[in-house]
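Chemist: what's the 3D shape of this:
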Amino acid sequence: MAEIIEKTAESIRDMTIRGAGRIARAGASAMGDFAAGYNGTSLDDFRRDIKKNAAILTASRPTAVSLWNGVRATMRGLSFVSTLQEAKDLVVSNSEEFVEISSRAVATIAKIGANRIKSGDVIMTHCNSSAAIGVIKEAHRQGKDIKVYATESRPWRQGILTVNELAEAGIDTTLIIDSAVRTVMKGVDKVFVGADAITSHGALINKIGTSQLALAAHEARVQFYVCSETYKFSSATIFGDMVTIEERSIEEVVKKGEVPDSVKIFNPVFDSTPAAYIDAIITDVGMIHPGSVYDVMVRQLGDSLFEE
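Modeler: Numbers count the residues shown, from 1 in each chain. The predicted model follows:
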């Protein structure tokens, strides 16, 4: 069953599976499938193999705290079981529970976030966040007359996925190039974005260009909301760890031979938005101030913060 781990990791690496929530659920499901099909006979071997596979999955997207937390959730309590069958059943059960909780979280965020949208609002969003899109679609479902600007989100152009989904829902949607954000912001009422990770002091790690939206929104006095499941909160940052900002291939930016070999290409996938530019974080446990992230993490995770 190691093949399911490798296949899932590769699908995450090559962006076949994309979006912080989706890759977290994929990682957790892969761990559950591995446990269900495990053919070994030793509990110690299972613990060793499950940790090895967890490392393979989390290495596929190092910035994705959601993936790390999803995979880690499947192993919770593993040190307390006494038989191999108990261990396998626990990982399968944890996996199913995480996927269910993750799916419910998006629906909860949608309902809370939609309460911040009024009929007539013009909204901007970035990349392809299922949580942010859920908020916008829920507001539309409630009968609110809204318009949406969605960024193209280069180099992978995930904004194309976003505008297709919004248009299919019947929402008045305009696709804009990333560099038009500041020009368009003057006509925007609210910004809703997703999250790949949120640090203990409330900073947002998200698709490259997010900080540009936040800065432009701050300048124009436009409310800036982050839509995030709490499992995207990075507990490691409590202990001083930094969130790794992934860099991807230069071939995503230029074709081979398009520029001289002497030209360097910088292609970061994410950037960091300071908490000062965030009005509120809309989560599955309610709307919170960025300064409350640490308290939420401690309350939810408790002693598990200190588990290896």
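Chemist: ok so residue 236 is a helix residue?
Modeler: Yes - membership of residue 236 in a helix is supported by DSSP: H, G, I helix; E, B strand; the rest coil.
Chemist: how about it, what does it touch?
Modeler: Contacts of residue 236 were listed using CB atoms under 8 Å, 6 or more residues apart in numbering, and they are residue 65. All C-beta atoms are positioned from the backbone trio N, CA, C, and that covers glycine.
Chemist: If we use 10 Å, what do you get?
Modeler: By CB atoms under 10 Å, 6 or more residues apart in numbering, the contact set of residue 236 is 65, 68-69, 197, 199-200, 242-243, 305.
Chemist: Give the buried subset of those as a ChimeraX selection command.
Modeler: Applying 16 or more other CB atoms under 10 Å to the contacts of residue 236 leaves a buried subset, and the ChimeraX line that selects it is:
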select :65,68,69,197,199,200,243
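Chemist: Now pLDDT too, for the contacts of residue 236, in a markdown table please.
Modeler: Formatted as a markdown table, the contacts of residue 236 follow (pLDDT from 0 to 100):
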| residue | pLDDT |
| --- | --- |
| 65 | 90 |
| 68 | 93 |
| 69 | 93 |
| 197 | 95 |
| 199 | 97 |
| 200 | 96 |
| 242 | 86 |
| 243 | 89 |
| 305 | 56 |
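Chemist: Apart from its chain neighbours, what residue comes closest to the residue nearest to the spatial centre of the chain?
Modeler: The structure's the chain has its C-alpha centroid closest to residue 20; by CA atoms, centre = their mean the separation is 2.7 Å. In this structure, residue 20 finds its nearest non-sequential neighbour in residue 66, 4.1 Å apart by CB to CB, 6 or more residues apart in numbering.
Chemist: And for residue 68?
Modeler: Nearest to residue 68 is residue 58, by CB to CB, 6+ apart, at 4.9 Å.
Chemist: Tell me how many other residues crowd that neighbour.
Modeler: Look at residue 58: counted by other CB atoms under 10 Å, it has 20 neighbours.
Chemist: list the contacts for it?
Modeler: 9, 12, 27, 64-65, 67-72.
Chemist: next one: residue 71
Modeler: 24, 26-28, 30-31, 50, 53-58, 64, 95, 98.
Chemist: What are the phi and psi values at residue 204?
Modeler: phi -100, psi 130 (degrees, to the nearest 10).
Chemist: how much space between it and residue 298?
Modeler: According to CB to CB, to the nearest Å, residue 204 stands 19 Å off from residue 298.
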